[in-house]
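Trainee: Here is my input; please provide its structure:
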Amino acid sequence: MKHWVCALSITPFLVASGFATTLMMVPVYEPLSLQGTDGDAAVIDVGEALQACVVSRPMVLSGAMPEDLIAAIRSPHLIPTNSPNYKVQEVNLLVLCKILIDAEMTESGLFVRLDVGQLDIPPDVDLTTRQILRLTIIAVRKTLEAYQNPQNRPLNVTLTIEGADEAKATLRELNVQFTLGEVAATP
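Mentor: Okay, the predicted model is just below:
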């Protein structure tokens, strides 16, 4: 009997916490492979035509923002098709190449980590590690720009490349810092 009383007394809290979750539909930009297609994308931000692109897709997310936005950039992505000849199972370059991404909010802003420690580019992905990381940085920036647009305070972002051994040490040159939503100085 004690178990039933205890269960009944906490049920309203469990039900209420289920309704307290905020769900937001947001655009998430992802670095995608164009393998299995007959086209290249002219990626303006990179300045070259690649068998890859950065595009957004709507996602419904809950949790800590903008940290969960960054994690969502690495979501598995199967492209819908009407062609029986397109059989590619995964196109998100972070998933394909085993690059991890996470973020945490600190006092100085958002700290984003790209971990290349397990990096493994499949043979059918005709891209270099630098190209993949540049596309990923573009995806991070565009995702955060869409998030930051309605915010009223600037967001400082630090993005670092981690897990690079001596052979990949030059990838750390891609580390970047930027501020989104800077408020114009008043005269």
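Trainee: distance of C97 from A52?
Mentor: Separation of C97 from A52 (Cβ to Cβ, to the nearest Å): 11 Å. C-beta here means a position set from N, CA and C on the backbone, and glycine is covered the same way.
Trainee: before we move on, what about Q148?
Mentor: 25 Å.
Trainee: Looking at those two, which is more packed in?
Mentor: Neighbour totals were compared for Q148 and A52, and A52 leads with 23 against 20 (other Cβ atoms under 10 Å).
Trainee: show me the residues around that one that make contact.
Mentor: P31, L32, S33, L34, A41, V43, L93, L127, Q131, I132, L135 (Cβ atoms under 8 Å, 6 or more residues apart in numbering).
Trainee: Show me what it is bridged to.
Mentor: Beta-bridge pairing for A52 (DSSP bridges): S33.
Trainee: what about the helices in this protein?
Mentor: Remark: helices assigned in the chain by DSSP state H are 2-19, 67-72, 93-96, 129-148.
Trainee: pLDDT on stretch 81-92, on average?
Mentor: The average pLDDT within stretch 81-92 is 89.
Trainee: How about stretch 58-65?
Mentor: Taken as a whole, stretch 58-65 has a mean pLDDT of 91.
Trainee: Then stretch 137-146?
Mentor: 96.
Trainee: Now list the buried members of the contacts of A52.
Mentor: Listed as buried from the contacts of A52 are P31, L32, S33, L34, A41, V43, L93, L127, Q131, I132, L135; burial here means 16 or more other Cβ atoms under 10 Å.
Trainee: Among those residues, which one lies nearest to V116?
Mentor: Ranked by distance to V116 (Cβ to Cβ), the buried ones among the contacts of A52 are led by I132 at 9.1 Å.
Trainee: Identify the residue nearest that closest one in space, chain neighbours excluded?
Mentor: L93 (5.1 Å; Cβ to Cβ, 6 or more residues apart in numbering).
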